[in-house]
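Peer 1: Below is the sequence, then the predicted model.
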Amino acid sequence: MAAATRVLKKGISPSLVVILGATGTGKSKLAIEIGKRLNGEIISADSMQVYKGLDIITNKVTEEEQAQCRHHMISFVDPLVSGYTVVDFRNKALSLIEDMHRRKKLPIIVGGTNYYIESILWNVLIDTGGSDTESEKAGAPESKVELEKLGGPELHRRLKEVDPDMAALLHPHDARKIARSLQVYMDTGVLHSQLLEEQRGQDGGDCLGGPLRFQDPCIFWLHYKMNALDERLDKRVDQMLSLGLIDELRDFHLRFNEKKIKESSQDYQHGIFQSIGFKEFHEYLTASEDISQEERDKLKIKGPASNVPPVYGLDVTDVTNWETTVLTPALKILDCLQKGEQPSTQPIRTEGVESRNKRSHHMCDLCEKVIIGDLEWTAHQKSKNHLYQVRKRRKAEQATDQVTNPTEHQNVSDRQVPVL
């Protein structure tokens, strides 16, 4: 696809706007306001919002909000399709962006799902000549879905035989990623690790992948103080419930999931069933009719580098003066970029390539765990469970030492004290 490798020509800035932030930070609100003022259209980069249904739990923008600014990539995939991939998303999104540029529209990407956004900003995916969905539909002898059924350990053993470098980067229980690497090798005849190395070697690429697709994107990161977000999310859950969340889930369950439950084939690792909240409500939705309402209610959830473009932080902790603290600064930054001027607001300092997380392989013998990633390894070493295992081993070693060398560990009171 031409759009998949298209890089915007110089002279148009920003080429697109990306709005990042946690759930409840007001990404959609900012996107709509920017779109209304700057002739933009919005692309949702949310892996759950692509599916039809479950509008409340996936927090889709309302029809009234969509009427204010045109939205794309929402509610167009059948919820029973489990093979919709980031490759499918990328191809459609890049085609939309190319069309918007032709129509002189400003693409506004709202996330959502980080790896969806990354697939648009950078060349980070490996093309195999066809999507995973197509190979599954074609009934390939060992499609990605079929491979996943073998389980992580067996898949990891297979990958280690053909591509040990890639196997070292993947957790033995991450069946989906391992199956993907095996499928890349089966489809292309080239090792996944080799293809990634070639991609990183492209002009503008680095250790994370290939170069930026579009020059001069503008990225806004909506950040907050945690206690303020917690309160906001609690209110959002209450609002979801008041809007009919339970009825929505029950209806969706009856139409799409009830048969799977009876066949014991429900799968919360694929498709829309990964939505935050669906698996949390599983026991509630499938509870026996014989239990009391009080018992049923207890089942409910209580609340839910060089090629790195500048990222501008917007503090959304206090939303009482949102236009002054969020919208106005964002519009000023975009105005400067469109004029070719440097915004007075300084972008957030991003880490250089050398300090980014490396996907090194670590084995914790104490916890009997494989840890992938240096940052994850550091975090694991500080975790309560690991420290507990450290203390446990230390005590065991001390006990063994006392048995082996009892005289060195006698209490002072047990020793013979010379009479002076």
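Peer 2: Sure thing, it's come through.
Peer 1: for this protein, which helix is longest?
Peer 2: Secondary structure of the chain per DSSP state H: the longest helix is helix 384-404.
Peer 1: Show residues contacting that one.
Peer 2: Outside helix 384-404, the residues that touch it by Cβ atoms under 8 Å, 6 or more residues apart in numbering are 364, 366-367, 380, 409. Bear in mind the C-beta positions are built from the backbone N, C-alpha and C, glycine included.
Peer 1: average pLDDT across it?
Peer 2: Average pLDDT, helix 384-404: 84.
Peer 1: before we move on, back to that, of the contacts of helix 384-404, closest to residue 217?
Peer 2: Closest approach between these and residue 217, by Cβ to Cβ: residue 380, at 34.1 Å.
Peer 1: Can you tell me the SS state at the closest residue to the closest one other than its chain neighbours?
Peer 2: Sequence neighbours aside, residue 371 is the residue nearest to residue 380 in space, at 5.1 Å (criterion: Cβ to Cβ, 6 or more residues apart in numbering). Applying DSSP: H, G, I helix; E, B strand; the rest coil to residue 371 yields a three-state assignment of strand.
Peer 1: Verify the contact between residue 371 and residue 364 for me.
Peer 2: Yes. Using Cβ atoms under 8 Å, residue 371 is in contact with residue 364, at 6.1 Å.
Peer 1: Name the residues contacting each of those two.
Peer 2: With Cβ under 8 Å, 6+ apart, residue 371 and residue 364 have common neighbours residue 380.
Peer 1: Could you check which of those two has the larger neighbour count?
Peer 2: residue 371 (20 against 16; other Cβ atoms under 10 Å).
Peer 1: For the more buried one, give its distance to residue 151.
Peer 2: Distance, residue 371 to residue 151, by Cβ to Cβ, to the nearest Å: 20 Å.
Peer 1: Need the buried ones from the contacts of helix 384-404 selected in ChimeraX.
Peer 2: To isolate the buried ones among the contacts of helix 384-404 in ChimeraX, judged by 16 or more other Cβ atoms under 10 Å, type:
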select :364,367,380
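Peer 1: out of the contacts of helix 384-404, what pair is the most spread apart?
Peer 2: So, the contacts of helix 384-404 by Cβ to Cβ: farthest apart are 380 and 409, at 32.6 Å.
Peer 1: Can you give me the distance of the residue nearest to residue 380 to residue 192?
Peer 2: Counting by Cβ to Cβ, the gap from residue 371 to residue 192 is 21 Å.
Peer 1: got it, and residue 71?
Peer 2: 35 Å.
Peer 1: So for those two, which residue has more residues nearby?
Peer 2: Ranked by neighbour count (other Cβ under 10 Å), residue 71 and residue 192 place residue 192 first, with 26 against 23.
Peer 1: got a list of what that one touches?
Peer 2: Counted by Cβ under 8 Å, 6+ apart, residue 192 has contacts 126, 163, 166, 180-181, 184-185.
Peer 1: related to what we said a few turns ago, so what sits opposite the residue nearest to residue 380 in the bridge?
Peer 2: Listed by DSSP bridges, the beta-bridge partners for residue 371 are residue 362.
Peer 1: Quick one: residues contacting it.
Peer 2: Applying Cβ under 8 Å, 6+ apart, the residues near residue 371 are 362-364, 377, 380.
Peer 1: can I get those in TSV with pLDDT?
Peer 2: Formatted as TSV, those follow (pLDDT from 0 to 100):
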residue	pLDDT
362	84
363	85
364	89
377	82
380	84
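Peer 1: picking that back up, so which of the contacts of residue 192 comes closest to residue 65?
Peer 2: residue 180 (35.0 Å).
Peer 1: Where does that closest one sit, in terms of helix or strand?
Peer 2: Residue 180 belongs to helix 175-188 when assigned by DSSP states H and E.
Peer 1: Next, the angle helix 175-188 makes with the strand or helix carrying residue 193.
Peer 2: Assigned by DSSP H and E, residue 193 belongs to helix 192-200. Helix 192-200 and helix 175-188 are oriented at 80 degrees to each other (axes from the mean of the first three to the mean of the last three Cα atoms, to 10 degrees).
Peer 1: quick one: buried residues of helix 192-200?
Peer 2: 192-193, 195-196, 199-200.
Peer 1: and the nearest residue to residue 326 once chain neighbours are set aside, what pLDDT?
Peer 2: Spatial nearest neighbour of residue 326, chain neighbours left out: residue 314 (5.1 Å); criterion: Cβ to Cβ, 6+ apart. In this model, residue 314 is scored at 91, pLDDT.
Peer 1: Pretty sure residue 331 is one of the things residue 314 touches, is it not?
Peer 2: No. Using Cβ under 8 Å, residue 314 is not in contact with residue 331; the gap is 11.1 Å.
Peer 1: which of those two has more neighbours?
Peer 2: Each of residue 314 and residue 331 has its neighbours counted (other Cβ under 10 Å); residue 314 has more, 22 against 16.
Peer 1: can you give me phi and psi for that one?
Peer 2: Reported as degrees, to the nearest 10, the phi and psi values for residue 314 are phi -130, psi 120.
Peer 1: so what's it up against?
Peer 2: Here residue 314 is in contact with 30, 220-223, 325-326, 329-330 (Cβ under 8 Å, 6+ apart).
Peer 1: Emit the ChimeraX select command for whichever of these are buried.
Peer 2: Restricted to buried positions by 16+ other Cβ under 10 Å, the ChimeraX selection for these reads:
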select :30,220,221,222,223,326,329,330
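Peer 1: among the contacts of residue 314, which one has the lowest pLDDT?
Peer 2: residue 223 (81).
Peer 1: so who does that one touch?
Peer 2: For residue 223, the contacting residues are 21, 25, 313-316, by Cβ under 8 Å, 6+ apart.
Peer 1: Pick the one among the contacts of helix 384-404 closest to residue 14.
Peer 2: Nearest to residue 14 among the contacts of helix 384-404, with distances taken as Cβ to Cβ, is residue 380, at 38.8 Å.
Peer 1: Looking at strand pairing, list the partners for residue 18.
Peer 2: According to DSSP bridges, beta-bridge pairing links residue 18 with residue 109, residue 219.
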